[in-house]
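Participant: Just a sequence and a predicted model for now, questions to come.
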Amino acid sequence: MHLVRLGRLKNELIEQKLSEHQTFPYFLVILIFDGILINHSFAFPSSDTFSDMMSYLQVAVPVIILTVSTLLLYKVNGGATGKYFYIRYFPLAWVVGVRFTPLAIAVFSVWLYYVAKDENYLFGWREILLWNSLYALYYWRVWVHMRDVRQRTYHFDEK
């Protein structure tokens, strides 16, 4: 994996010397950094109402879910010998995300109405558990569909 040598990387890409397996680390690192950037506001709260432990858990747990889920998706797709990971991952993640959105909106609405209606409400353990459970559920659904595509493709290729 190249960290700063863009010339070498471009040459390998132009010469098609990188396999899907060799490009997977780039994909995983970008996802991890995106997960950190998306959740960074929790790591640096603007008020004193958040404990340090809670703030860092709000970043760490989603990044852990993202990393483990992506590794499991990669493995269910065949790992180093799998094919078309990116071609399968992005469309499946998008469609599952679109289908998952109504559930997330419903849960968020119920949470707002029943739990977070007080303006002095503090984000706590149950919210970390709730939102990260939804996040894990989303990735589990992507995994189910990735596994199905992989199995059906494998059986189709045998015929």
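Facilitator: Arrived safely, thanks for sending. Numbering: from 1, shown residues only.
Participant: so where's the chain uncertain?
Facilitator: Within the chain, the segments meeting pLDDT under 70 span 37, 39-52, 116, 118-123, 155-159.
Participant: where along it do the helices fall?
Facilitator: 6-14, 20-38, 40-43, 52-76, 85-110, 125-158 (DSSP state H).
Participant: which of those helices sits most buried?
Facilitator: Neighbour counts (mean count of other C-beta atoms under 10 Å) averaged over each of the helices of the chain peak at helix 52-76, with a mean of 17. Using the backbone N, CA and C atoms, a C-beta is placed for each residue, glycine as well.
Participant: For it, name the packing helices and strands.
Facilitator: helix 20-38, helix 40-43, helix 85-110, helix 125-158 (3 or more C-beta pairs under 8 Å, 6 or more residues apart in numbering; DSSP states H and E).
Participant: so how far is stretch 12-27 from its chain's centroid?
Facilitator: 21 Å (C-alpha atoms, centre = their mean, to the nearest Å).
Participant: which other residues reach it?
Facilitator: The contact list for stretch 12-27 (C-beta atoms under 8 Å, 6 or more residues apart in numbering) reads Met1, Thr70, Tyr74, Gly79, Ala80, Thr81, Gly82, Lys83, Tyr84, Phe85, Tyr86.
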